[in-house]
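Novice: Here is the input, now give the coordinates:
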Amino acid sequence: MSLDKAKVTPEVLQSILLDEMTGKLASILSMMEREEPIYGVASVLVPVTAEPTEVNLGQWVKATFYNDGAGNVYVYNIRQVADTRDAYLAPGDSLPIDFRRRTIRRLYLVCAAGGTAKIRIFYQ
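Specialist: Residues are numbered from 1 along each chain as shown. The predicted structure follows:
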């Protein structure tokens, strides 16, 4: 028995295509959910001065840094003194960072000479 394409209505073809797309999207969603590890959320308070403070990222997936102090905080991936020409985290500002690619192993937080701040970090 041969199937004559003229007898299949556009609505039936559309239903078949939508069903196939739904199955593929569900498969992709399932794969994405398995790749995203589930971690608890924790926080830490880090005092920052003109001497670089190392933050070891461990197995963090994401983190948000909040400047709760009075001074500007400079964030570097190498140990160095603050260069006031660089971008900084101003008091009251936040900085979200995604570490899933694992190219960054540690960060250094530092204030300009004479400045201090407290950084609150929420991580998962």
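Novice: Helix or strand: which one has the closest residue to Val81 other than its chain neighbours?
Specialist: Spatially, and ignoring its direct neighbours in sequence, Val81 is nearest to Val110 (6.4 Å; CB to CB, 6 or more residues apart in numbering). To be clear about C-beta, it is placed using only N, CA and C from the backbone, and glycine gets the same treatment. Under the criterion DSSP states H and E, the helix or strand holding Val110 is strand 106-111.
Novice: Now do the buried residues in that strand.
Specialist: Buried residues in strand 106-111, counting neighbours by 16 or more other CB atoms under 10 Å, are found at Leu107, Tyr108, Leu109, Val110, Cys111.
Novice: ok, then the element right after it?
Specialist: Criterion used, DSSP H and E; the element after strand 106-111 is strand 117-123.
Novice: what are the bridge partners for the residue nearest the centre of the chain, then?
Specialist: Nearest residue to the geometric centre of the chain (CA atoms, centre = their mean): Asp98, 2.3 Å. Taking DSSP bridges as the rule, Asp98 bridges to Lys62.
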